[in-house]
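> predicted model, plus sequence, below.
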Amino acid sequence: MNCAEAEILLHALLDDELDAGHSRDVEAHVASCPGCTEKLEAFRAMRAAMASANLKEAAPASLRARIEASLPVPSARIIPLSKFSRPSRRSFFGGFAVGSVASAALAATLALAVFRTDLDRSVADDVVSAHIRSLQAGHLMDVVTSDQHTVKPWFDGKVDVAPPVVDLTAQGFTLLGGRLDYIDGEPVASVIYQRRKHVINLFVAQRLGAEHATVTTRTIQGYNVRHWTAQGLDFWAVSDLDGEELGEFVQKISAALHPPGSS
Amino acid sequence: MTGDAYDEHDKARRFRDAAMPHLDDLYTLARYLMRNAADAEDAVQECYLRALRHFDSYRGPAMKPWLLTILRNVCNAEFARRGRHEIPTDLAEEGATAEVPMWQESHATPEAALLRQQNGDTIRRLVAALPAPFREAIVLREINDLSYHEIAEVAGVPVGTVMSRLARARSMLRAAWNGAEGATA
C-alpha cells in the first residue's frame, strides 16, 4: 500500500468502516510511514475534538411545537387484541386509553380491524415501540454495567426467563446493561448492546409469537428487526443499525449461545 | 371507514414515535446546509410534512437517513427556487475563515503535527466555511453519525465518493483548523 491509497483509507480506519484485512493493511502502512502516522494522529485528534465539542444543534422549542401542531393528533388509542385478555398491559399511550364512551366505542371497532393483521406483526410493532421508548432520556437501562455476570442475575425474580447475557465487546458490540420491559402485557428482559452510537435492544421472553426456527427480518418505521427462537425463548433484536450489521450481531449472539460442538 | 380510521390514527402515532426523535439531527444538518436559523427551521418543518406524506410507502432505510435525505432534497429545492447554490451563512459570519486557503494541504512542519485546540464556536465556523459537498459529508459523518453507506444514500453518490469527500473535507478542515484565529498550540 502506498501513501495515496492510505490517505483515503485511513479515514475509513478512523470511522471504523474497514474490514479486518484492510485495517491490517492500513495499519501496517501507517506503522512504516511517519507522514501517514502524523496524519492519522492529527485526524484522530480532530475527530475527538469535534465529538467533545458537542456540535449537534438543539432544535428550538418553538420549532418542535410548530411541527407537533402540524401533525395529525392520534385521538384514540389503538388497543391490540391482547388488551382484552390482559388488562395489565403497560402503555406509553396509556393516557389516551381511558377516554370517553365514544372513544371506547371507537377503540372496539378499531380492534376489529386488528384481526386483519397477523399477531406476529403486532408484536413486532410493540417491540419496535418498546425500543423507541427505551431511547428516551433515562429509559434505556435499569441496570448499567458492562459486566455480563452482573446483568444476568439482576433479572432473577423480575422476569420468568433467565436471558442469556454474553459479552461481545471483542466483536465490536459493547454490553451496556439490562432493562425490564413489557411486550404484549408480559414482562420481558431486554439486554442492551451498543455499536458505535447505535443502541441494540435484545428482547428475550418466553415465546411471544409464532415459532421461528430461522431468523426473520423486518424493517419497521426504519428500525431493523430480527426475530428468532432458540432454547424455548423468543429473541427480538431491534436497532437503527443497518441490516447487515444487525445480522452480524444476531450471528454473534447465536454463535455465543451455541458454541460449536455444544449440542 | 373503520379501517381508514385505524390506519390514520395508527400512522400518526407511528410517525411521531419514529420521526420526532430525530429532530435535533435534522435541525443540525439544516443549519449547516441552509446556513441560517430561519431557513433551517422552515426546511425542517417542510421535511416533516413531506415525510408524513410518504410514510405509507416508507420501507427503509433506517428512519434517520431517510429523513435526512428528504431534508437534503428540501434544501436543494429551495436553493433551486432561489436560483443560486449558496447563501450567506450566519454560522461563519465572524472571522476571516473564508480567506484561509483551505484547499491547500498543510505542510508537515513539527508544529502542524499537533492539532491545535479550538473551541466549539470556532469548530462550527470552520465546518460552516467548507464548500457544500464537503461540509455535508463531514456533518453527516461527525455530527449525524451516519455510516458511509448511509451518507452515500443521503447524498446520492457512491460510497467511494463519500470516502474521497471525507478525506478531502478533513484535510481542508485540518489546514483551516491549525491556521484559525484564536488557536493555541
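Okay, I see it. Residues are numbered from 1 along each chain as shown, chains lettered A, B, ... in the order given.
> C-alpha from now on. contacts and neighbour counts both.
OK.
> and the helix or strand harbouring B:Asp39, how far out from the chain middle?
Assessed by DSSP states H and E, B:Asp39 sits inside helix B:37-54. Helix B:37-54 sits 14 Å away from the centroid of its parent chain (CA atoms, centre = their mean, to the nearest Å).
> what ranges of the chain fall below the confidence cut-off?
With no chain named, the answer covers chain A. By pLDDT under 70, the weakly predicted segments of chain A are A:73-121, A:137-138, A:207-213, A:259-263.
> my question was about chain B
Ranges of chain B meeting pLDDT under 70: B:1-9, B:84-114, B:181-185.
> how is it divided into domains?
According to automatic domain parsing, chain B comprises the domains B:2-82, B:97-179.
> out of those, flag the one nearest A:Gly35.
Among those, the nearest to A:Gly35 by CA to CA is domain B:97-179 (7.8 Å).
> turn the domains of chain B into JSON lines, including mean neighbour count and distance to chain A.
Shown next, in JSON lines, are these (neighbours: other CA atoms under 10 Å in any protein chain shown; distance: least, CA to the nearest CA, whole Å):
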{"stretch": "domain B:2-82", "mean neighbour count": "19", "distance to chain A": "4"}
{"stretch": "domain B:97-179", "mean neighbour count": "19", "distance to chain A": "5"}
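> the residue positioned nearest the centre of chain B: helix or strand, and which one exactly?
Geometric centre of chain B, nearest residue: B:Leu29, 3.3 Å, by CA atoms, centre = their mean. Taking DSSP H and E as the definition, B:Leu29 sits inside helix B:23-34.
> let's have the domains of chain B in TSV, adding distance to A:Ala230.
Converted to TSV, the domains of chain B look like this (distance: least, CA to CA, whole Å):
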stretch	distance to A:Ala230
domain B:2-82	27
domain B:97-179	31
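> which stretch among the ones you listed comes nearest A:Asp125?
Between A:Asp125 and the domains of chain B, the shortest separation by CA to CA is 9.1 Å, and it involves domain B:2-82.
> follow-up on the earlier one: not counting sequence-adjacent ones, nearest residue to the residue nearest to the centre of chain B?
B:Val139 (6.7 Å; CA to CA, 6 or more residues apart in numbering or on different chains).
> OK, contacts around that neighbour?
B:Val139 sits next to B:Leu29, B:Tyr32, B:Val127 when contact means CA atoms under 8 Å, 6 or more residues apart in numbering or on different chains.
> not counting sequence-adjacent ones, nearest residue to the second one?
Taking CA to CA, 6+ apart as the measure, B:Tyr32 lies nearest to B:Ala128, with 6.1 Å between them; neighbours along the chain are not counted.
> for A:Arg196, see how far away that neighbour is.
25 Å (CA to CA, to the nearest Å).
> swap in B:Arg116?
On the measure of CA to CA, B:Arg116 and A:Arg196 end up 26 Å apart.
> ok, A:Gln231 next?
Distance of A:Gln231 to A:Arg196, given as CA to CA: 30 Å.
> the two: which is more packed in?
When neighbours are counted by other CA atoms under 10 Å in any protein chain shown, A:Gln231 and A:Arg196 differ, and A:Arg196 comes out ahead with 13 against 8.
> in the chain, which spans are helices?
The chain I'm using is chain A. Per DSSP state H, chain A carries helices over the ranges A:3-14, A:20-31, A:34-52, A:61-70, A:82-85, A:94-97, A:101-114, A:119-134, A:148-154, A:243-257.
> you answered for a different chain; I wanted chain B.
Counting by DSSP H, the helices of chain B are B:2-19, B:23-34, B:37-54, B:63-82, B:110-113, B:120-128, B:132-138, B:148-155, B:159-179.
> right, and chain B sits closest to which residue of chain A?
When distances are taken as CA to the nearest CA, chain A reaches nearest to chain B at A:Gly222, 3.9 Å away.
> quick check: that residue touching B:Gly60?
Yes - using CA atoms under 8 Å, A:Gly222 is in contact with B:Gly60, at 5.0 Å.
> could you pull up phi and psi at A:Gln221?
The phi/psi pair for A:Gln221 (degrees, to the nearest 10) reads phi 50, psi 30.
> am I right that it is in contact with B:Arg59?
Yes - counting by CA under 8 Å, A:Gln221 does reach B:Arg59; the two are 7.4 Å apart.
> kindly report the domain assignment for chain A.
Taken from automatic domain parsing, chain A resolves into A:3-48, A:77-116, A:118-257.
> which of the ones you listed sits most buried?
Across the domains of chain A, averaging neighbours per residue (mean count of other CA atoms under 10 Å in any protein chain shown) puts domain A:118-257 on top, at a mean of 18.
> so how far is that domain off the chain centroid?
Chain-centre distance of domain A:118-257: 7 Å, with CA atoms, centre = their mean.
> contact partners for B:Asp56?
Contacts of B:Asp56 by CA under 8 Å, 6+ apart are B:Lys11.
> distance of it relative to B:Ala12?
Distance, B:Asp56 to B:Ala12, using CA to CA: 11 Å.
> up against chain B, what does the stretch 101-250 of chain A have?
Selection of the stretch 101-250 of chain A residues close to chain B by CA under 8 Å from any CA of the partner chain yields A:109-110, A:113, A:129, A:132, A:197, A:219-224, A:240-242.
> A:Ile67 reaches B:Cys47, doesn't it?
No - counting by CA under 8 Å, B:Cys47 is not a contact partner of A:Ile67; they are 9.9 Å apart.
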